[in-house]
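Enquirer: Structure, please.
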Amino acid sequence: EVILGHLAADPVGFALFFYTFSTFLARPGLYLEDLFIKPEFRGRGCGRIMLAYLARLAQARGCGRLEWSVLDWNEPALKLYRSLGAEPLSDWTMQRVSGPALDRLAAEF
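Expert: The predicted model follows:
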């Protein structure tokens with residue numbers, strides 16, 4: 001799903017998200033795949049408002065959490081996320097299989 005952010009009549013950005021399911025919580029969650037705010041609107045609270053909307057949407061849909069990934073060098077985003085109460089997951093690491101590794105793994109089946 002996607003939500004579009006507007007400030008007055010100006011489109012400012014979007015948030016692309018989808019459902020997940022946590023076996024730990026035994027509840028659904030929302031995963032924010034991408035949050036984009038146009039450069040000229042950054043630092044004006046647009047990202048915060050979009051994340052607050054997603055949090056409300058997650059609650060309304062019975063989700064136990066809202067989560068996302070962020071690049072470790074993106075300090076402005078990290079600062080925003082910390083101000084929202086988001087916590088980095090120190091006990092989890094993201095894993096990825098792509099390209100030739102994906103081909104090799106798929107060939108095992």
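Enquirer: a strand runs through residue 18, doesn't it?
Expert: Yes - with DSSP: H, G, I helix; E, B strand; the rest coil as the criterion, residue 18 is assigned to a strand.
Enquirer: Run a quick neighbour tally on it.
Expert: 11 (other Cβ atoms under 10 Å). All C-beta spots, glycine's among them, are computed from the backbone N, C-alpha and C.
Enquirer: the longest helix in the protein is where?
Expert: Within the chain, and with DSSP state H defining each element, the longest helix by residue count is helix 46-60.
Enquirer: In that one, which residues are buried?
Expert: Buried positions in helix 46-60, judged by neighbour count with 16 or more other Cβ atoms under 10 Å: 46, 47, 50, 51, 54, 55, 57, 58.
Enquirer: Could you look up the SS state of the spatially most central residue of the chain?
Expert: Computing the C-alpha centroid of the chain and ranking residues by Cα atoms, centre = their mean puts residue 32 first, at 2.4 Å. On the three-state scheme (three-state DSSP), residue 32 is labelled strand.
Enquirer: Which strand residues bridge it?
Expert: The bridge-partner assignment for residue 32, based on DSSP bridges, gives residue 17, residue 68.
Enquirer: My read is that it contacts residue 57, right?
Expert: No - at 10.8 Å, residue 32 does not count as touching residue 57 under the criterion of Cβ atoms under 8 Å.
Enquirer: Give the intersection of the neighbour lists for the two.
Expert: Taking Cβ atoms under 8 Å, 6 or more residues apart in numbering as the contact definition, residue 32 and residue 57 share no neighbouring residue.
Enquirer: Isn't residue 84 up against residue 48?
Expert: Yes - Residue 84 is in contact with residue 48 according to Cβ under 8 Å; the separation is 6.9 Å.
Enquirer: Run a quick neighbour tally on the residue lying closest to residue 72 once chain neighbours are set aside.
Expert: If the residues on either side of it in the chain are set aside, residue 72 comes closest to residue 78, at 7.9 Å by Cβ to Cβ, 6 or more residues apart in numbering. As a burial measure, residue 78 scores 15 neighbours (other Cβ under 10 Å).
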